[in-house]
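Visitor: Attaching a predicted model along with its sequence, questions to come.
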Amino acid sequence: MEHGSIPELVRWAAERYGPGEAVVEGRTRVSYAELGARVERAAAACLAAGVRLGDRVAIWAPNTLDWIVAALGAVSAGAVLVPLNTRFKGAEAADVLARSRARLLFVTGTFLGTSYVASLRRAEAGLPDLRRVVVFSDTVPDDPAYTTWKAFLAEGDGVDPARVRARADSVAPSDPSDVIYTSGTTGRPKGAVITHEQTLRCYEVWSELAGLREGDRYLIVNPFFHTFGYKAGIVACLLRGAVMVPQPVFNVDTVLANIAAERISVLPGPPTLHQSLLDHPARTAHDLSTLRLVVTGAAVVPLRLVERLRSELGVGTVLTAYGLSEASGIVTMCRRGDPAEVVAHTSGRAIPDTEVRLSDAGEVLVRGFHVMRGYFEDEEATAAAIDADGWLHTGDVGVLDSSGNLRITDRIKDMFIVGGFNAYPAEIEQLLGLHPDIADVAVIGVPDPRLGEVGKAFAVRRPGSTLTADDVIAWSRREMANYKVPREVEFVPELPRNASGKVVKGELRGR
């Protein structure tokens, strides 16, 4: 089935898979037909709120049914979705809201003990474009701009369904479907603009290569704000009629309980998720026999992990893949039947209709239908990322074997991956540089048995300062997303620099 747009896909899935289960959230079970109706109602509410074709609508919330309905509703109203990382603090979220000029924001009430509304209100002075904030909660601040989700949906009840349908039909395949903000080496996140046709084509390919099928029960632990959660999760399930079981927090006990209770068959996620599942002391108390498909990311995947998933859990298909937001989230992928060595040591081969090659410096270059339009309103950054011949410069260093399997070996950009989250030293260094007692700082990734890698900071104190490592870590926890917080801080008299003044990170790693 060829779909021109995400709204068209939602409607098609509602008709095609009608009575089949679409989303399971606790005791709530929503069929595909009902999901379609809920999405149309959310789209009507967006029209009532004045959302126009191409407006940016942001969402800042964990994996829930509300996220799915709100996001698909906004996109069905012709909006461009801007998902925000749930680990962002208020200032980080406000920065993305300001630069994307989002007009409407869906936000969770309280999540993991944090009031997202309170942190937003502390930072919202510089958001002139943000007209409405819809809170997934029964209570909202006494402010006309804030509405509960229930009240927001009710506002759309007077909108003619034909008008909602007409708006959805006016969305063209070449229109942007979302702007995924990704942190770069420059520190501030940049928004990769991806279209409807790119999204649908990529995740049709992903679903085909993974072997996702109708009735599969898919535990979506990967955050929806990330391409892996939203597109390899929600969009892929819509394409195939699989059941979405969103899980808001990564917790191994919950994962085990969900697999057993919901008879989960599909569990993508970072290697840390699968490792902690296998090593859990209570694992054998849960029936995990329904698991048949695991897809994991380009972080280092131990061969032993692939073998254990196959032998101890009987998972028939274990695949690895590599992608980045700038290429719609997918570039290479293993194929079913690949030997364990290929799955563990590489990220597979280029997906169909995609070219992957290495520059003289070993940088991975990608060209194909899924390369972003560019960074949102940032021509300079776009020109630096995509050359005149259409090659996307990924900033990752890799090796290609004779069969075209790609192995990522290093990152030109110094990025490291903390439990599945990309951490960028330049961004963390910028934040640490704001500390009044830090004169100079450099961050590198160091190995960690649980998270794969974590940050280590080398800091130079200001004269007279008695700053301790614990002080820096505590301050960081208040100022930045948890995965960015350095787990170790070493104080040094000065940082090693080369002739042009750049920090020699290799020397720091050598310590």
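Guide: Alright, I've got the coordinates.

Visitor: element containing the residue lying closest to Asn222 once chain neighbours are set aside?
Guide: Distances taken as Cβ to Cβ, 6 or more residues apart in numbering put Gly229 closest to Asn222, at 3.8 Å, once the chain neighbours are dropped. Any C-beta I mention is one placed from the backbone N, CA and C, and that applies to glycine too. Using DSSP states H and E, the secondary-structure element containing Gly229 is helix 227-229.

Visitor: Let me see the mean pLDDT of the next helix or strand after that helix.
Guide: Downstream of helix 227-229, the first helix or strand assigned by DSSP H and E is helix 236-240. Averaged across helix 236-240, pLDDT comes to 98.

Visitor: How about stretch 194-207?
Guide: On average, stretch 194-207 scores 97.

Visitor: I would like the residues contacting it, please.
Guide: Here stretch 194-207 makes contact (Cβ atoms under 8 Å, 6 or more residues apart in numbering) with 3-6, 9, 171-180, 212, 231-232, 235-236, 239-240, 321, 325, 328-330, 333, 351-352, 369-370, 372-373.

Visitor: Any idea how far that stretch is from the middle of the chain?
Guide: Stretch 194-207 has its C-alpha centroid displaced from the chain centroid by 15 Å (Cα atoms, centre = their mean, to the nearest Å).

Visitor: Equivalent analysis for stretch 136-149, please.
Guide: 26 Å.

Visitor: List the buried residues in stretch 331-351.
Guide: Neighbour-count burial for stretch 331-351, counted by 16 or more other Cβ atoms under 10 Å, picks out 331-334, 338, 340, 342-351.

Visitor: now swap in stretch 315-331 and tell me
Guide: 315, 317-331.

Visitor: quick check: domain ranges of the chain?
Guide: Here the chain is described, according to automatic domain parsing, as comprising the domains 6-171, 195-411, 416-510.

Visitor: Can you say which of those domains is nearest to Pro189?
Guide: Proximity to Pro189 (Cβ to Cβ) singles out domain 6-171 among the domains of the chain, at 6.1 Å.

Visitor: gap between the two ends of that closest one?
Guide: Distance between the two ends of domain 6-171: 9 Å, counting by Cα to Cα, to the nearest Å.

Visitor: Relative to the whole chain's centre, how far out is it?
Guide: 17 Å.

Visitor: average pLDDT across the helix holding Gly229?
Guide: The average of the pLDDT scores along helix 227-229 is 92.

Visitor: Run through the helices of the stretch 51-200 of the chain in chain order.
Guide: For the stretch 51-200 of the chain, the helices defined by DSSP state H, counting those that start in this stretch occupy 65-76, 90-100, 116-123, 149-155, 161-169, 196-210.

Visitor: nearest to Val492, of these?
Guide: helix 90-100 (27.7 Å).

Visitor: What lies in contact with the closest one?
Guide: Applying Cβ under 8 Å, 6+ apart, the contact partners of helix 90-100 are 56, 58, 60, 82, 84-85, 88, 105, 116, 119-124, 126-127, 129-130, 179, 181, 188-189, 191, 376-377, 480-481.

Visitor: in the helix or strand hosting Ile259, what's buried?
Guide: Assigned by DSSP H and E, Ile259 falls within helix 252-262. By neighbour count on 16+ other Cβ under 10 Å, the buried set for helix 252-262 is 252, 255-256, 258-259, 262.

Visitor: Next, give me the two most distant ones among those residues.
Guide: By the measure Cβ to Cβ, Val252 and Glu262 form the most distant pair in these, at 15.7 Å.

Visitor: Count the neighbours of the residue nearest to Leu112 when sequence neighbours are not counted for me.
Guide: Once flanking residues are discounted, Leu112 sits nearest to Val249: 6.9 Å by Cβ to Cβ, 6+ apart. With neighbours defined by other Cβ atoms under 10 Å, the count for Val249 comes to 13.

Visitor: Thr284 is in contact with Ala260, correct?
Guide: No: between Ala260 and Thr284 there is no contact under Cβ atoms under 8 Å: 11.4 Å.

Visitor: From Val164, how far out is Ala236?
Guide: Remark: distance between Ala236 and Val164 (Cβ to Cβ, to the nearest Å) = 25 Å.

Visitor: for Lys456, that is, sorry about that
Guide: For Lys456, the distance to Val164 - Cβ to Cβ - is 52 Å.

Visitor: hey, where'd the strands end up in the stretch 301-450 of the chain?
Guide: Under the criterion DSSP state E, counting those that start in this stretch, the stretch 301-450 of the chain contains strands at 317-322, 332-333, 349-350, 354-358, 363-368, 374-375, 392-400, 406-411, 416-418, 421-423, 438-448.

Visitor: Dump those into CSV; add distance to Thr148 and mean pLDDT as well.
Guide: Below are the strands of the stretch 301-450 of the chain laid out as CSV (distance: least, Cβ to Cβ, whole Å; pLDDT from 0 to 100):
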stretch, distance to Thr148, mean pLDDT
strand 317-322, 39, 94
strand 332-333, 41, 96
strand 349-350, 46, 98
strand 354-358, 44, 97
strand 363-368, 43, 97
strand 374-375, 34, 97
strand 392-400, 42, 91
strand 406-411, 43, 79
strand 416-418, 35, 90
strand 421-423, 31, 86
strand 438-448, 41, 92
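
Visitor: what sits against Arg292?
Guide: Counting by Cβ under 8 Å, 6+ apart, Arg292 has contacts 265-266, 315-317.

Visitor: What of Gly464?
Guide: So Gly464 contacts nothing (Cβ under 8 Å, 6+ apart).

Visitor: that's a strand at it, yeah?
Guide: No: read with DSSP: H, G, I helix; E, B strand; the rest coil, Gly464 is coil and lies in no strand.
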